[in-house]
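**Student:** A structural model of the following input is requested.
(one chain, ligands or ions: 1)
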Amino acid sequence: MSSVRSRGAFIVIEGLDRSGKTTQVATLQTRLETEGIPVKLFKFPDRTTTIGQMIDSYLRSQSELDDHVIHLLFSANRWELAASIEQLLAAGTTVLCDRYAFSGVAFSTAKGLSLEWCRSPDISLPAPDVTLFLNITPEQARSRGGYGEERYEKEELQRKVRDVFQQISSEFTEATWVTIDAGREREDVAEDVWKIVYPLTGGLAIPLQRLWE
Ligand code: Z5A
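**Tutor:** Predicted coordinates:
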């Protein structure tokens, strides 16, 4: 009988603009560290790499790129870190990820590219064990302030992004895509996140899946 070595869990936090992804992922990381659970946090786009710097320049409207090109750069930014993610998971580390391929598909499809085309460069990336989708209404997002500083921070685009995320989520089971009401107090949202993530941190004996295979 073949046996699979225990590995770390791969947790992705996705969500609408201003939904509190960065806030929640930081709270979660701290709580896991306090519990003595090995954890590593990734954030996409990772603006520190050479590819990430091109993305950063585009998002801040300091450069112009064809929609296909920027989509491929976002995907390349994930691929350049995919091996590190896999190594950490194999070593038993819980990997947290602030945005992932689902943001890539949602934003580029909302801009008018085909969903199937958008998905293709991310096929075979490590697949999350669970994606936590932080959901807020456009009114709640507006009340958190700051719209308009970066290229995609426009309400019309964000509405389309919300629709594509809904379409993507329908392909997952309730266990692998969990929508959380992020319009509540930070502590209440964090508690929901914890209840889902903590049980996954004891080591998983199932093989890592590949995205969209
Ligand atoms: N993008 C893409 O097109 N393709 C891709 O493949 C990827 C990304 C990966 C930059 O992303 C853009 O890249 C993004 C998608 C696109 N464009 N947009 N829009 P980013 O991750 O670098 O930046 P961001 O996604 O724009 O961050 P964010 O969405 O604005 O924020 P957040 O992480 O969800 O929220 P936050 O920073 O934790 O909180 C926002 C504010 O709300 C802040 O003042 C908090 O203190 C406050 N907050 C947080 N939680 C609460 C609660 N519960 N109540 C009240 N206030 C709260």
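**Student:** let me know how buried the nearest residue to residue 168 once chain neighbours are set aside is, in neighbour terms.
**Tutor:** Leaving aside its chain neighbours, residue 168 sits nearest to residue 102 (5.5 Å; criterion: CB to CB, 6 or more residues apart in numbering). C-beta: built from backbone N, CA, C; applies to glycine. Using other CB atoms under 10 Å, residue 102 has 23 neighbouring residues.
**Student:** check the offset of the one helix or strand residue 180 maps to from the chain's centre.
**Tutor:** Under the criterion of DSSP states H and E, residue 180 resides in strand 177-181. Centre-to-centre, strand 177-181 and its host chain are 13 Å apart (CA atoms, centre = their mean, to the nearest Å).
**Student:** strand partners of that strand, parallel vs antiparallel please.
**Tutor:** strand 130-135 (parallel) (DSSP bridges).
**Student:** need the residues that contact the strand it pairs with.
**Tutor:** 9, 11-16, 19-21, 24, 100, 102, 165, 169, 172, 175-183, 189, 193, 196-197, 200 (CB atoms under 8 Å, 6 or more residues apart in numbering).
**Student:** follow-up on the earlier one: does the helix or strand hosting the residue nearest to residue 168 come close to the ligand?
**Tutor:** Taking DSSP H and E as the criterion, residue 102 maps to helix 101-110. Yes. Helix 101-110 is in contact with the ligand by CB under 6 Å from any ligand atom, via 103, 104, 107.
**Student:** give me the number of residues near the last one?
**Tutor:** Each residue near residue 107 was counted by other CB under 10 Å, and the total is 24.
**Student:** with adjacent residues omitted, what lies nearest to the residue positioned nearest the centre of the chain?
**Tutor:** By CA atoms, centre = their mean, the mean C-alpha position of the chain lies nearest to residue 99, the distance being 2.3 Å. For residue 99, ignoring the flanking residues on the chain, the nearest one in space by CB to CB, 6+ apart is residue 44 at 4.7 Å.
**Student:** do the same with residue 11
**Tutor:** residue 96 (5.2 Å).
**Student:** what packs against the strand or helix carrying that neighbour?
**Tutor:** Per DSSP H and E, residue 96 falls inside strand 94-98. In terms of contacts (3 or more CB pairs under 8 Å, 6 or more residues apart in numbering; DSSP states H and E), strand 94-98 is packed against strand 10-15, helix 21-34, strand 39-43, helix 67-90.
**Student:** wait, which of these is closest to residue 116?
**Tutor:** Nearest to residue 116 among those is helix 67-90; the distance by CB to CB comes to 12.5 Å.
**Student:** ok so, going back, do I have it right that the residue nearest to the centre of the chain meets residue 42?
**Tutor:** No. At 9.1 Å, residue 99 does not count as touching residue 42 under the criterion of CB atoms under 8 Å.
**Student:** which parts of the helix or strand bottoming out on mean pLDDT in the chain are buried?
**Tutor:** In the chain, no helix or strand scores lower on mean pLDDT, DSSP states H and E than helix 138-143, which sits at a mean of 85. Residues of helix 138-143 classed as buried by neighbour count (16 or more other CB atoms under 10 Å): 140, 141.
**Student:** fine, thanks again, bye for now.
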